[in-house]
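Engineer: Got a predicted structure plus its sequence, pasted below:
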Amino acid sequence: MQTCLSTGRAAGTAAGAQGVCRMQTTGRSHAPVQRTLAGSAAAMRASSSCSAAAAPKPFRSTRPRRAHAAVVRAEGGNGSSEYDYDIITIGAGSGGVRASRFATSYGAKVACVELPFDYISSDSKGGVGGTCVLRGCVPKKLMVYASEYADDFKDSVGFGWEERGVPSHSWTTFLEAKRKELQRLNGAYKNTLKNASVELLEGFGRIVDAHTVDVSGKRYTAKNILIAVGGKPTKLPIPGAELCITSDEALELPAQPKKITVLGGGYIALEFSGIFQRFGGEVHTVFRQPMPLRGFDEEVRKFAFEQYAAAGLTMHAGHTPVEVRKQPNGLLTCVVADKDGNQTEITDNDHVMMATGRSPKVGGLGLEEVGVALGKKGEVVVNAYSQTSVPSIWAVGDVTDRINLTPVALMEGMALAKTLALGEPTKPDYDFVPSAVFSNPSIATVGLTEEQAVAKYGDVDVYTSSFRPMRNTISGSPMRTLMKLVVAAGSDVVVGCHMVGDDSAEIMQGFAVALKMRVTKAQLDTVVGIHPSAAEEFVTMRSVSRRIRKGQPVTAAA
Ligand SMILES: Cc1cc2nc3c(=O)[nH]c(=O)nc-3n(C[C@H](O)[C@H](O)[C@H](O)COP(=O)(O)OP(=O)(O)OC[C@H]3O[C@@H](n4cnc5c(N)ncnc54)[C@H](O)[C@@H]3O)c2cc1C
Ligand SMILES: NC(=O)c1ccc[n+]([C@@H]2O[C@H](COP(=O)([O-])OP(=O)(O)OC[C@H]3O[C@@H](n4cnc5c(N)ncnc54)[C@H](O)[C@@H]3O)[C@@H](O)[C@H]2O)c1
């Protein structure tokens, strides 16, 4: 039994007890498998991130490392370089920029090919910075921030702020501010490449042979070629697909949608559903499974499902998109069907958004012609060192469809720079990769789900806590928080950590460090909490909620 510092009342740790006493201030192909999100924060820190913070020393100052560069530098028999570059990278997104600039810092001569800038990607448009910076993490998170104010205004009333109506929001002002920021970031990334002595070749990169890249008609040679072209949104082949938008367009809408249907139950679907719902729109989210976010911990999925509903999302679970039609008034009808074929029409949508997955952007790259093996989804098949079936051609990031997250692309790029330019064959480490879904509420996770842990260890202890965050006691918001630890009972090592609730991404990053270091539950129990916070719950859960032995539950909740 613990004592609540705020109230002095005794606090249990079983689900629900915290809601009474604990005075909290706050509240995927690759499922949340063991992942690591080391550099995401870097990417989010306005690319100043990727630029300044963890940047290697500039090219010139690291020239003494040239000895290592001999590893990649191809020397002809007379000692002169056989190729124009040591490495040509195609794609200046998260993975390409990271690999290129670290390779030059290790002494390699590198060129990076990238398409001209546009907000919306196409076969001929892209931009230095790539998906994360221009059409992904960054603009998405800016939209999350913009939308969150709506809840803040509502919540403030319970705290005594006088209600004079929710302030109106200017979509145009936000869109302009967001575009300005993306242009700044695009420029900052170009500077990063320049400062790192990476030569930028603007145009469409196509591989001609194992050592030659064509950039919009001009040919360049390199000892090694790096494919870092990322992915692109896909659309379901249903009637009316051409009427639908994807995440690219969703980030560039000229006006706030009053009603929108979002197809898909993954990261992008739930994040954009949350954004448009918080802005006050009517949002319908359609997914095939009984619950969204397949691959996440089942308890987390169920809890998140309930919370999304409490936040105001209309969810069409177990439904498949059938057709999208334009109404005479210009609005859209989306027809969805359950597994028995019963159809529902969701009418009067300003937009229907397809968030049903992304595919590797390999079209026109010439990969099949040069013998680079591709997988079922068109992904570039690589070995543990990111090497393709052609020994001089390598690939990192989303185009390889391993774990499609920015920090993972950064890690893969970094490892490859070491392999190629430093002569240190380095494998990316996919253990304990955390991730977050910036939905409403947000979800963050690191390590194994309960189901994965039971399958792996058989004997597992699960600690859960569900409570109403302190802020919501007065704000009146119905939103609750779930925190969960999964412990391998035999070793006491914490193998999974999950949270649904405010600030979960910020909290999870620290726990990712602990889990990666193989923290035990007993060690977590020695950690003093920060009070009042939601995060302290992770170090004060004492009562086991479920004991699982040999794969079977043996104890009910304590
Ligand atoms: C809406 C959305 C939100 C996301 N949010 C998050 C998030 O919050 N956190 C997170 O970790 N991840 C997030 N992601 C995933 C993340 O953006 C990707 O994992 C990451 O950008 C992958 O980096 P990459 O280097 O592999 O490819 P990209 O960043 O896509 O870069 C590839 C680059 O190659 C260029 N290119 C392509 N073909 C050619 C060619 N032939 N010639 C020249 N250039 C070419 C493209 O223009 C692009 O700039 C999000 C993705 C989306 C779509
Ligand atoms: N916060 C983050 O870290 C973040 C945010 C956005 C995207 N991402 C990355 O980008 C990747 C792509 O995101 P995503 O949301 O497009 O993909 P996803 O794989 O997470 O979700 C795709 C969704 O589409 C559904 N779907 C696929 N085919 C379908 C069909 N034929 N009919 C109906 N539904 C179908 C799937 O069931 C799933 O719910 C993610 O997997 C993730 O790696 C990460």
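Structural biologist: Yep, that arrived. Ligands and ions are numbered 1, 2, ... in the order given.
Engineer: can you list the residues of the stretch 351-500 of the chain near ligand 1?
Structural biologist: Counting by C-beta under 6 Å from any ligand atom, the residues of the stretch 351-500 of the chain close to ligand 1 are 361, 365, 397-399, 404-407, 409. For glycine as for every other residue, the C-beta is placed from the backbone atoms N, C-alpha and C.
Engineer: change it to 8 Å
Structural biologist: 358, 361, 364-365, 396-400, 404-409, 413, 435-436, 438 (C-beta under 8 Å from any ligand atom).
Engineer: In helices, which of those fall?
Structural biologist: 406-409, 413 (DSSP state H).
Engineer: so which of those residues also contact ligand 2?
Structural biologist: residue 406.
Engineer: wait, which of the ones in helices among the residues of the stretch 351-500 of the chain next to ligand 1 is closest to ligand 2?
Structural biologist: Nearest to ligand 2 among these is residue 406, at 7.5 Å by C-beta to the nearest ligand atom.
Engineer: List the contacts of the closest residue to residue 440 other than its chain neighbours.
Structural biologist: Closest residue in space to residue 440, ignoring its immediate chain neighbours: residue 274 at 3.5 Å, by C-beta to C-beta, 6 or more residues apart in numbering. By C-beta atoms under 8 Å, 6 or more residues apart in numbering, the contact set of residue 274 is 144, 147, 308, 311, 313, 438-440.
Engineer: ditto for residue 276
Structural biologist: 147, 256-257, 260, 262, 283.
Engineer: now, among these, which is nearest to ligand 2?
Structural biologist: residue 262 (10.0 Å).
Engineer: Would you mind confirming that the closest one is in contact with residue 277?
Structural biologist: No - the criterion here is C-beta atoms under 8 Å, and residue 262 misses it with residue 277 at 9.6 Å.
Engineer: With neighbour numbers in mind, choose between these two.
Structural biologist: The residue with more neighbours, out of residue 262 and residue 277, is residue 262; 32 against 24, by other C-beta atoms under 10 Å.
Engineer: does the more buried one have beta-bridge partners, and which?
Structural biologist: Under DSSP bridges, the beta-bridge partners of residue 262 are residue 285, residue 353.
Engineer: Residue 229 and residue 515, how far apart?
Structural biologist: The gap separating residue 229 from residue 515 is 32 Å, by C-beta to C-beta, to the nearest Å.
Engineer: So between these two, which is more surrounded?
Structural biologist: Using other C-beta under 10 Å as the criterion, residue 229 and residue 515 rank with residue 229 on top: 31 against 26.
Engineer: Okay, now the unreliable bits of the stretch 451-558 of the chain?
Structural biologist: Low-confidence segments of the stretch 451-558 of the chain (pLDDT under 70): 555-558.
Engineer: just the strands in it please.
Structural biologist: 460-467, 481-488, 493-500, 546-549, 552-555 (DSSP state E, counting those that start in this stretch).
Engineer: and the third one, does that touch ligand 2?
Structural biologist: By that I understand strand 493-500. No - shown here: strand 493-500 not in contact with ligand 2 (C-beta under 8 Å from any ligand atom), separated by at least 14.0 Å.
Engineer: Run through the residues that contact residue 249.
Structural biologist: Residue 249 sits next to residue 120 when contact means C-beta under 8 Å, 6+ apart.
Engineer: Would you tell me which residues of the stretch 401-550 of the chain are close to ligand 2?
Structural biologist: By the rule C-beta under 8 Å from any ligand atom, the part of the stretch 401-550 of the chain lying against ligand 2 is 403-406, 435-438.
Engineer: What's the ChimeraX syntax to select whichever of those residues are buried?
Structural biologist: Only the buried entries of these go into this ChimeraX selection, using 16 or more other C-beta atoms under 10 Å:
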select :403,404,405,406,435,436,437,438
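Engineer: longest strand of the protein?
Structural biologist: The longest strand of the chain (DSSP state E) is strand 218-227.
Engineer: Sheet partners, orientation included, of that strand?
Structural biologist: Counting by DSSP bridges, the strands paired with strand 218-227 are strand 85-90 (parallel), strand 212-215 (antiparallel), strand 393-395 (parallel).
Engineer: Setting the sequence-adjacent residues aside, check what's closest to residue 331.
Structural biologist: Nearest one to residue 331, counting by C-beta to C-beta, 6+ apart, is residue 348 at 4.8 Å.
Engineer: Could you look up the SS state of the one you found?
Structural biologist: strand (DSSP: H, G, I helix; E, B strand; the rest coil).
Engineer: How much space separates it from residue 249?
Structural biologist: 19 Å.
Engineer: roughly how far apart are residue 207 and residue 414?
Structural biologist: Residue 207 is 23 Å from residue 414, where distance means C-beta to C-beta.
Engineer: quick one on the thing from earlier: intersection of neighbour lists for residue 262 and residue 277?
Structural biologist: Common neighbours of residue 262 and residue 277 (C-beta under 8 Å, 6+ apart) are residue 283.
Engineer: quick revisit: from the contacts of residue 274, which land in strands?
Structural biologist: Among the contacts of residue 274, no member falls in strands (DSSP E).
Engineer: With adjacent residues omitted, what lies nearest to residue 204?
Structural biologist: That would be residue 216: by C-beta to C-beta, 6+ apart, it lies 5.5 Å from residue 204.
Engineer: could you point out where the protein is predicted with low confidence?
Structural biologist: 1-80, 164-165, 555-558.
Engineer: what's the domain layout of it?
Structural biologist: Following the TED database, one finds the domains of the chain at 85-159+168-233+359-422, 236-355, 434-556.
Engineer: Can you add distance to residue 428 and give those domains back as TSV?
Structural biologist: What follows is the domains of the chain, written out as TSV (distance: least, C-beta to C-beta, whole Å):
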stretch	distance to residue 428
domain 85-159+168-233+359-422	5
domain 236-355	20
domain 434-556	14
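Engineer: Just want the residue of the protein that's nearest ligand 2.
Structural biologist: As assessed by C-beta to the nearest ligand atom, ligand 2 sits closest to residue 266 within the chain, at 2.0 Å.
Engineer: show me the contacts for that residue.
Structural biologist: 28, 292-294, 355-357.
Engineer: Quick one: name the residues of the stretch 101-250 of the chain near ligand 1.
Structural biologist: Residues of the stretch 101-250 of the chain lying near ligand 1 (C-beta under 8 Å from any ligand atom): 113-115, 121, 123, 125-137, 139-141, 203-206, 215, 228-231, 233, 247-248, 250.
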